[in-house]
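J.: generate coordinates for the sequence data below:
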Amino acid sequence: MTNLKRRSFLKAAAKTAGVMIVSPSVLGGPKYTAPSDRLNIACVGNGTQGTRVMLDLLKIPDLVITSVADPVKEDTKYLNWGPHELRDGIRHAIEEPNWDAQALDTECRAGREPAKRIVEAWYGKQKAKTYKGCNAYADFRELLEKESGIDGVVVGAPDHQHAYISIKSLEK
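T.: Just a heads-up that it's a prediction; the model follows:
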């Protein structure tokens with residue numbers, strides 16, 4: 001066994017490291033966020049206001065929406081701020097010009113299944129190789145029980161439910 005001195009080892013290591021080429025996907029780089037630097041977010045409450053907030057979250061590269069929860073599976077009886085306001089906002093946000101083309105002028109589609117479709121459409125385009133999909137739950141408590149690795153919960157439910165959902169989320 002050779003007697004390798006510390007200084008010799010460091011010189012050899014520095015030469016070797018100088019030759020190595022590391023992909024930006026490993027170290028991060030311009031317009032790239034390493035998976036370990038991303039926050040996994042759950043969105044609870046996916047009616048119209050919760051969906052609007054979720055659309056803004058989709059554009060943040062350091063976040064990944066991994067799950068959604070809303071007691072409403074899907075409904076078109078939500079209120080728009082104008083004709084097709086939410087639908088057109090979704091189309092613009094996820095860059096899908098035909099999203100929900102079958103909706104009538106007075107309809108506004110929201111709920112956990114539309115939220116799931118929105119999230120999967122966006123990340124499917126952005127992270128086609130690494131995105132694993134979005135899970136949808138009727139009850140946020142089930143989401144908290146089943147989902148591991150959630151770093152934060154965004155509450156888009158009505159105001160009177162914020163405290164309860166937030167406390168339960170913090171307890172997890």
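
J.: tell me where this protein has strands.
T.: 39-44, 63-69, 135-137, 152-155 (DSSP state E).

J.: deepest-packed of these, please.
T.: Among the strands of the chain, strand 63-69 has the highest mean neighbour count (mean count of other CB atoms under 10 Å), at a mean of 24. (Each C-beta comes from the backbone N, C-alpha and C, glycine too.)

J.: quick one: list the elements packing against it.
T.: When contacts are defined as 3 or more CB pairs under 8 Å, 6 or more residues apart in numbering; DSSP states H and E, strand 63-69 packs onto strand 39-44, helix 48-58, helix 112-126, strand 135-137, helix 140-146.

J.: nearest to K172 among the ones you listed would be which one?
T.: Nearest to K172, of all the helices and strands packed on strand 63-69, is helix 140-146, at 4.7 Å by CB to CB.

J.: can you point out the buried residues in that closest one?
T.: Of the residues in helix 140-146, 140, 143-144 count as buried by neighbour count, 16 or more other CB atoms under 10 Å.

J.: what is the neighbour count of D56?
T.: For D56, the number of neighbouring residues by other CB atoms under 10 Å comes to 11.
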